[in-house]
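Novice: 3D model of this:
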Amino acid sequence: MRRSLWIFLLLALFCAPRALAQSAQTTVLMPGVTFTKRVQFTPDGPVVLNVVTAPKPGGLYSLSPVLSNETIVGREKLTDMEKRLGTAETAVGVNADLFDVSDGHPSGVLIRGGVLEHRPEPDRTSIGIGADGTIHTDRVTMLGFWRATGQRLRVGLNDPPGENGYALFTRAYGAVTPASDNASEVVFQQFPTTAPNKDLTGVVTSIVTTSTGKTPIPAQGAVLQATGANAFGLPADAPVGAAVTVRFTLNPAWDGIVSAVGGGPLIVSGGRAVFRADEAFTSAQLSPHGPRTAIGQRADGKILLVTVDGGQPGYSVGMTNLQLALALQQLGAVTASALDSGASTAMAFNGQLLNRPSTGRELAISDALVVGYTGVYVPPPAEPVISPNGDGVSEVETLSYRLVRQATVQASLTGPDGTVIPIDSGPRAPGTYRFTWSGATPTLTPATEGLWHFAVTATDDLSQVSQADRAFNLDDTLGGLAVRPAGLMLTKKRTRLVASFTLVHPAQVTATVETARGVVVRVLARTSFSSGRRSVTWNGYTAAGTLAYGGSYRLHVSAVNDLGRVDLSAPFRAHR
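Specialist: The predicted structure is shown next:
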């Protein structure tokens with residue numbers, strides 16, 4: 001038996017992390033936060049992992065849950081959640097807890113800003129974020145009790161009570177209490193926020209007897225609902241004017257935990273992949289290859305948000321939960337937990353999806369885990385390369401930065417020769433600020449060609465300093481691309497397309513005929529050219545030696561030299 005287990009683990013190691021870094025593309029999302037799309041090839045097929053690496057929470061960075069529509073019930077897309085957050089922070093996140101598809105309420109714990117808003121699932125891992133930015137993965141239980149004039153009684157939190165039960169509903173649940181066939185309710189116009197492990201006392205302001213639920217929940221208060229046989233005794237036990245004390249006790253106490261979501265199973269502990277966590281999940285949830293989501297933390301405190309695309313043969317088949325554990329271990333996680341997976345798996349930045357959902361569309365979810373950044377954000381320049389050479393293509397660069405807090409700003413361009421061009425400075429209100437640059441110095445002379453940096457430093461109203469930097473190239477090497485004729489008749493003889501272009505500097509040039517979607521039909525040139533007016537021709541045949549089909553095409557020219565790379569494309573149509 002032990003030998004079989006070792007063979008299984010060795011096979012899993014071979015199939016999961018061995019090829020993890022076969023292909024990877026990394027981009028900077030915002031200062032200190034990167035996104036990497038990794039492609040690994042396994043015996044089961046290709047697997048695509050989407051990995052966000054972010055600083056340890058603290059200062060300008062946070063890691064916290066976001067609740068759909070700001071209520072326990074209901075669902076919302078991750079991209080829409082991030083758009084709601086847009087005025088307060090720049091955000092990247094993933095789907096979080098499993099949820100009830102009928103009403104959207106999460107299956108596990110929810111703590112936001114130190115306020116307990118939903119109970120933990122005791123047989124699954126709960127993910128807590130400490131005030132010091134450390135992630136805690138524990139199995140947590142909750143006991144709730146209330147008492148007024150009588151004995152102490154059990155009570156739930158923001159979950160419909162069972163038969164003959166009690167539940168306290170805060171505004172986090174929604175606007176009204178859940179419907180009930182036979183209930184009574186006491187209303188508190190004012191009630192303390194539901195911090196765990198503390199006595200919470202409110203005064204009853206009204207009573208609703210023979211209630212069917214759907215009682216409005218006061219914005220700063222709460223409603224205690226009793227069902228079944230308990231509904232008859234509640235008005236007497238908690239009359240108007242009575243002080244009611246409620247306490248929700250967590251075990252472990254989780255002192256210092258400011259945020260939490262439900263998740264599981266635990267997949268990395270002490271830097272080692274967890275083979276079997278023995279949590280309340282079915283084998284169908286853990287074993288098949290499919291989409292996956294996980295949260296992890298490295299030894300240096302950095303956060304890992306990971307999604308695995310799945311259910312898409314030829315693109316990404318997904319992973320088993322064990323393979324996910326091995327992947328997080330290889331990424332350096334010392335602690336990690338899985339989150340809700342399957343069709344709900346999603347990763348987004350600033351309201352735009354970064355992964356490819358298995359159903360082909362993003363699903364609405366219950367809650368999310370989001371890395372938020374409150375410093376200055378500079379998006380990538382509109383043009384990766386500008387060529388102010390008069391041909392009307394990429395003549396001007398568009399730059400911008402965004403603030404979510406009042407700040408004093410310094411923004412400038414720095415060239416490859418050390419030239420500094422001021423762009424903006426002074427106190428600025430929250431908002432987005434846009435600028436254009438034509439590639440000239442303040443004296444209107446042409447700027448030096450090469451790599452330029454747009455850098456912004458902001459000191460906000462909390463004296464927090466942030467910096468953001470984006471690079472782009474100024475390169476006049478390639479310009480004046482023209483294709484004749486614009487409408488090409490494809491015949492076995494006499495077909496001739498001429499593409500001409502100007503090189504200001506010598507360069508290695510690649511010229512290709514491509515479909516409108518960028519599929520290469522024929523390579524026309526891959527050679528070095530000296531400066532001057534140059535041209536290439538196409539006879540209408542593909543690389544396979546067959547006459548091309550009619551349709552929309554583009555002529556793509558790429559020029560590479562010490563200044564960088566410049567690409568130009570010109571569309572044309574072909575007819576047969």
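
Novice: could you confirm Lys83 falls within a strand?
Specialist: No: using DSSP: H, G, I helix; E, B strand; the rest coil, the assignment for Lys83 is helix, not a strand.

Novice: which element, helix or strand, includes Gly144?
Specialist: strand 141-147 (DSSP states H and E).

Novice: Provide the strand pairings for that strand, with the direction of each partner.
Specialist: strand 153-154 (antiparallel), strand 243-251 (antiparallel) (DSSP bridges).

Novice: can I get those strands in TSV including mean neighbour count and mean pLDDT?
Specialist: In short, each C-beta sits where N, CA and C put it, glycine included. Formatted as TSV, those follow (neighbours: other CB atoms under 10 Å; pLDDT from 0 to 100):
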stretch	mean neighbour count	mean pLDDT
strand 153-154	14	96
strand 243-251	18	98
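
Novice: residue ranges of the helices in the stretch 251-400 of the chain, please?
Specialist: All helices of the stretch 251-400 of the chain, identified by DSSP state H, counting those that start in this stretch, fall at 283-286, 321-330.

Novice: need the ones you listed in CSV with distance to Leu413, mean neighbour count and mean pLDDT, can you?
Specialist: Putting the helices of the stretch 251-400 of the chain into CSV (distance: least, CB to CB, whole Å; neighbours: other CB atoms under 10 Å; pLDDT from 0 to 100) gives the following:
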stretch, distance to Leu413, mean neighbour count, mean pLDDT
helix 283-286, 52, 13, 85
helix 321-330, 40, 24, 96
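
Novice: tabulate those in TSV, adding columns for distance to Gly342.
Specialist: Listed next are the helices of the stretch 251-400 of the chain as TSV, based on distance: least, CB to CB, whole Å:
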stretch	distance to Gly342
helix 283-286	8
helix 321-330	12
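
Novice: so for Ser552, which of the strands paired with strand 141-147 sits nearest?
Specialist: strand 243-251 (61.6 Å; CB to CB).

Novice: quick one: closest of the helices of the stretch 251-400 of the chain to Thr205.
Specialist: So among these, helix 283-286 is nearest, using CB to CB, at 44.4 Å.

Novice: how close does the closest residue to Val308 other than its chain neighbours get to Leu324?
Specialist: In this structure, Val308 finds its nearest non-sequential neighbour in Arg292, 4.1 Å apart by CB to CB, 6 or more residues apart in numbering. According to CB to CB, to the nearest Å, Arg292 stands 5 Å off from Leu324.

Novice: now do the shared contacts for the two.
Specialist: Val306, Val308, Ala338 (CB atoms under 8 Å, 6 or more residues apart in numbering).

Novice: name the nearest of those relative to Glu121.
Specialist: For these, the nearest to Glu121 is Ala338 (13.4 Å; CB to CB).

Novice: state the pLDDT value of that closest one.
Specialist: The score at Ala338 is 97. That number is its pLDDT.

Novice: measure Val465 to Ile423 for me?
Specialist: For Val465 relative to Ile423 (CB to CB), the value is 18 Å.

Novice: higher neighbour count, the two?
Specialist: Taking other CB atoms under 10 Å, Val465 and Ile423 do not tie; Ile423 has more neighbours (18 against 14).

Novice: Pro442: neighbouring residues, count only.
Specialist: 8.

Novice: now swap in Ala429 and tell me
Specialist: 9.

Novice: nearest spatial neighbour of it, chain-adjacent residues omitted?
Specialist: Ala429 sits nearest to Gln406 (CB to CB, 6+ apart), 6.0 Å away.

Novice: and the one you found, how many residues sit next to it?
Specialist: When neighbours are counted by other CB under 10 Å, Gln406 registers 13.

Novice: could you pull up the residues touching it?
Specialist: Gln406 neighbours (CB under 8 Å, 6+ apart): Pro427, Arg428, Ala429, Pro430, Asp460, Asp461.

Novice: could you say which helix or strand contains Ala236?
Specialist: Using DSSP H and E, Ala236 falls within helix 230-237.

Novice: and for Ala231, the neighbour number?
Specialist: 23.

Novice: so the residue nearest to it when sequence neighbours are not counted: helix, strand or coil?
Specialist: Computed as CB to CB, 6+ apart, the closest residue to Ala231 that is not its neighbour in sequence is Ser184, at 4.2 Å. Using three-state DSSP, the structure places Ser184 in strand.

Novice: so Ser184 is in contact with Thr212, correct?
Specialist: No: using CB atoms under 8 Å, Ser184 is not in contact with Thr212; the gap is 10.6 Å.

Novice: which of those two has more residues huddled nearby?
Specialist: Taking other CB under 10 Å, Ser184 and Thr212 do not tie; Ser184 has more neighbours (21 against 12).

Novice: list the contacts for the residue nearest to Ala231?
Specialist: Contacts of Ser184 by CB under 8 Å, 6+ apart are Ile207, Val208, Thr209, Thr210, Ser211, Gln225, Ala226, Ala231, Phe232, Leu234, Pro235.

Novice: and it, how far from Phe248?
Specialist: 22 Å.

Novice: what about the strands in the stretch 351-500 of the chain?
Specialist: 352-353, 367-373, 385-386, 397-403, 407-414, 420-428, 431-437, 450-460, 465-474, 478-484, 487-489, 497-503 (DSSP state E, counting those that start in this stretch).

Novice: what residues are bridge-paired with the spatially closest residue to Pro442 that is not a sequence neighbour?
Specialist: Closest residue to Pro442 apart from its sequence neighbours, by CB to CB, 6+ apart: Ile421 at 6.3 Å. Note on Ile421: beta-bridge partners by DSSP bridges are Leu413.

Novice: residues near Ile421, how many?
Specialist: The burial count for Ile421: 15, using other CB under 10 Å.

Novice: got a list of what it touches?
Specialist: Contact analysis of Ile421 by CB under 8 Å, 6+ apart lists Ser412, Leu413, Thr414, Gly415, Trp437, Thr441, Pro442, Ala447.

Novice: of the residues you listed, just the buried ones, ChimeraX syntax please.
Specialist: In ChimeraX, this line selects whichever of the contacts of Ile421 come out buried by 16 or more other CB atoms under 10 Å:
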select :413,414,415,437,447
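
Novice: what's the closest of the contacts of Ile421 to Leu85?
Specialist: Relative to Leu85, and with distances defined as CB to CB, the nearest of the contacts of Ile421 is Ser412, at 29.0 Å.

Novice: can you give me the strands for the stretch 51-200 of the chain?
Specialist: Going by DSSP E, counting those that start in this stretch, the stretch 51-200 of the chain shows strands at 61-67, 90-95, 110-112, 115-118, 126-130, 135-138, 141-147, 153-154, 156-157, 166-170, 183-188, 199-203.

Novice: I'd like to know which of those is closest to Thr26.
Specialist: The nearest among the strands of the stretch 51-200 of the chain, by CB to CB, is strand 90-95 at 14.0 Å.

Novice: and Ser259, how far is that from Ala516?
Specialist: 47 Å.

Novice: tell me the bridge partners for Gly372.
Specialist: Assigned bridge partners for Gly372, using DSSP bridges, are Ser62, Ala91.

Novice: correction: Phe99
Specialist: Under the criterion used here (DSSP bridges), Phe99 is bridged to Pro106.

Novice: the strand holding Gly144 to strand 126-130, inter-axis angle?
Specialist: For strand 141-147 against strand 126-130, the angle by axes from the mean of the first three to the mean of the last three CA atoms, to 10 degrees is 80 degrees.

Novice: got the strands paired with strand 141-147 as JSON lines, with distance to Gly318 columns?
Specialist: As requested, those are arranged in JSON lines below (distance: least, CB to CB, whole Å):
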{"stretch": "strand 153-154", "distance to Gly318": "41"}
{"stretch": "strand 243-251", "distance to Gly318": "34"}
